[in-house]
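In: My questions concern the predicted model and sequence given below.
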Amino acid sequence: MHLLKSRWKIALGVIPALLVYCIFSIIPIFISFYYSFMSWNGFSPMDYVGLANFRAILSDSVFWLSVRNNLIVVAASIFGQIPIALVLALLLNRKIKGAKFFRTIAFLPVVISTVVISLTWRMIYNVEQGLLNHLLNNLGLSALAQNWLGNPDYAMYAIAAVIIWQFVGLYFIIFLSALQTVPKDILEAAELDGATEWQKTRYVTLPSIWGVIIIAVVLCISGSLKTFDLIYVMTGGGPANATEVMATYMYTETFQGLRYGYGSAISVLIFVFSITIIVFANVLLTKRSGARRA
Amino acid sequence: MQVDHQPVPRKEINESTARFKKRATRVLIYLILMVFAIVNAYPIIWMILNSFKSGQEFALNPFGLPTEWVWANYVEAWFTANINTYFFNSVFVGGVAVILTVLFGALASYFLARFQFKGQKLLYSFFILGLLVPIHATLVPMFILMQTIGLLDTRLALIFPYIAFNLSITIFLLTSFMKSFSKEIEESAIMDGAGVFKIFWSIILPMTRPVLATVIIINFINNWNEFSFALVLINDDLLSTLPLGLANFAGQHSTNYTAQMAALTIVLVPTILFYLFMEKQIVEGMTQGAVKG
């Protein structure tokens, strides 16, 4: 570390990044707060309405539907992605032929553009031509064939399944790299004591990667609150708002309903929810690791 | 490792059941992995195979190889969907954004990692804070901002937000790597009379190359796949990036499934090839970013 005398050199180095970052990432958040107190269609002069937007949101049934759908995504991610990813990581963490092949396949969906995934799955769910209904018909399960994305009762779950499919690979890789840090000597000691494979996993492996599992849960939650592209492309929030999430509702209200103030108020809530969860998780995590160190 | 030379009969039986159990577990594991691999890969393979079928064959025979490979779908997708234009736009916007992000990010990281100055820790935390900013909370102000400064519906309208939203992860990865260099590195260069920026450009930056590659890849994948900003900030079809153009094309040709699939395949195959070539770096970079982000 050096103590650099000339401040202007530091400034020269840091300012380009700082400027772009502030103008296009940080300041917009604050402007969002400002807009959320306005009534305004994007063209007309803004009208200061205080908390009226937020009050309206509280009694907006579509907004609450979108919150509920966001929670479905959260639940699907936590109870779908995490366990599947964990099991896969445990299976592939042993010496096994073809491990590299399975790892490659597992991570593939993570790098594919969400729009491509959405369009592919929209075709898989297609009523007449889709892969899923064809498969069900061929298996003699025609009774189960559905208009997956067109039926308000199923659409959200059909989407949740795609979300699980898309991100299992990410958590799998995170868990796999965590598993490689589990101390081998402890595992060997447990083996000498006659521990079964299951006991070793339950009492040694899982506790030692517990911190990473919690981080993965936090990532799941904050990622789920940001869900947008997938739903926007697959259903646009329909049918009858059945798959609306906060971000798609914000987009529709703002840019199609031309309610800029109202839309901004929804963005503020998305921001507040995300930050709350992350701060909460952070407190939880630091408490844990603090306890472990002590 | 000790080998039992003269096993007693009972032990032999035990061993053979143990061996059977072991084999059964192995079969079970492979079964689970195979099912998972099929579920993961088959949708993509299904889509690629059907992109070569005629509309009629796709309706009658949705599984299996096409009986006749119809390249017309690709011609249609490439020309009607303007895939070539979208491709160019994505490469241009993504590429320029990556270059600027890495340049600005590396320079900032260098000062944050190698020097001590007032407010340095605070500044670093401020940059990392960006990992928490949800993109969708910035869409409305970004739209208004771009409209006000007259950038709406231009390539720059995408380049700036792409830089801003990738700077956090870039600075995060580069700073932690640059911190690991030993102190003496710059000292001899300073003795030789090299300036701060000269040291950055000809010593630090080349040393950062391994992480630089990861950062570039992550940046490019993020930009290549980005949809929300493009949706809000770009209206002109000729300026659309691939995800946006593809979504619009699918909206307009929603019943021409095979052409849609051809368009998707054109976009998908380069991504898959890129992934297969760079797998190690992509996976490591993503996990580093994800775990610590």
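Out: Arrived safely, thanks for sending.
In: Could you use CA atoms for every contact and neighbour count after this?
Out: Will do.
In: Count the neighbours of residue 253 for me.
Out: Here I'm looking at chain A. 18 (other CA atoms under 10 Å in any protein chain shown).
In: could you do chain B instead?
Out: Neighbour count for B:His253, taken as other CA under 10 Å: 12.
In: What of B:Lys198?
Out: 13.
In: In the chain, what residue spans correspond to strands?
Out: In the absence of a named chain, chain A is used. Along chain A, counting by DSSP state E, strands occupy A:2-3, A:38-39, A:47-48.
In: try chain B instead
Out: B:115-116.
In: now the helices: where do they sit in it?
Out: B:9-50, B:55-60, B:72-80, B:83-114, B:120-129, B:139-148, B:156-179, B:184-191, B:196-199, B:205-207, B:209-225, B:228-233, B:242-252, B:257-292 (DSSP state H).
In: Please apply the same query to the stretch 151-294 of chain A.
Out: If DSSP state H, counting those that start in this stretch is used as the criterion, the helices of the stretch 151-294 of chain A fall at A:155-179, A:184-192, A:197-200, A:206-208, A:210-225, A:229-234, A:246-251, A:260-293.
In: Figure out which of the ones you listed is closest to chain B.
Out: Of all these, helix A:260-293 sits nearest to chain B, with 4.4 Å by CA to the nearest CA.
In: The closest one and chain B, any residue contact?
Out: Yes. For helix A:260-293, a contact with chain B is found by CA under 8 Å from any CA of the partner chain, at A:Tyr260, A:Gly263, A:Ser264, A:Ser267, A:Val268, A:Ile270, A:Phe271, A:Ser274, A:Ile275.
In: tell me the contacts of the nearest residue in space to A:Ala17 that is not next to it in sequence?
Out: Nearest residue to A:Ala17, sequence neighbours excluded (CA to CA, 6 or more residues apart in numbering or on different chains): B:Phe104, at 5.0 Å. If you count contacts by CA atoms under 8 Å, 6 or more residues apart in numbering or on different chains, B:Phe104 has them with A:Gly13, A:Val14, A:Pro16, A:Ala17.
In: Can you check the pLDDT for B:Phe104?
Out: Each residue has a pLDDT score; the one for B:Phe104 is 97.
In: before we move on, what about B:Val8?
Out: According to the prediction, B:Val8 has pLDDT 53.
In: Below-threshold pLDDT in the chain: ranges please.
Out: Assuming you mean chain A. A:1-5, A:287-294 (pLDDT under 70).
In: wait, chain B
Out: B:1-13, B:289-293.
In: hmm, try it at 50
Out: Residues of chain B meeting the criterion pLDDT under 50: B:1-2, B:292-293.
In: what number of residues lie near A:Leu285?
Out: Count around A:Leu285 with other CA under 10 Å applied: 16.
In: So it is in contact with A:Ile213, correct?
Out: No. A:Leu285 is not in contact with A:Ile213 according to CA atoms under 8 Å; the separation is 10.7 Å.
In: Nearest spatial neighbour of B:Ser176, chain-adjacent residues omitted?
Out: In this structure, B:Ser176 finds its nearest non-sequential neighbour in B:Ala113, 7.4 Å apart by CA to CA, 6+ apart.
In: Thank you kindly, that will do.
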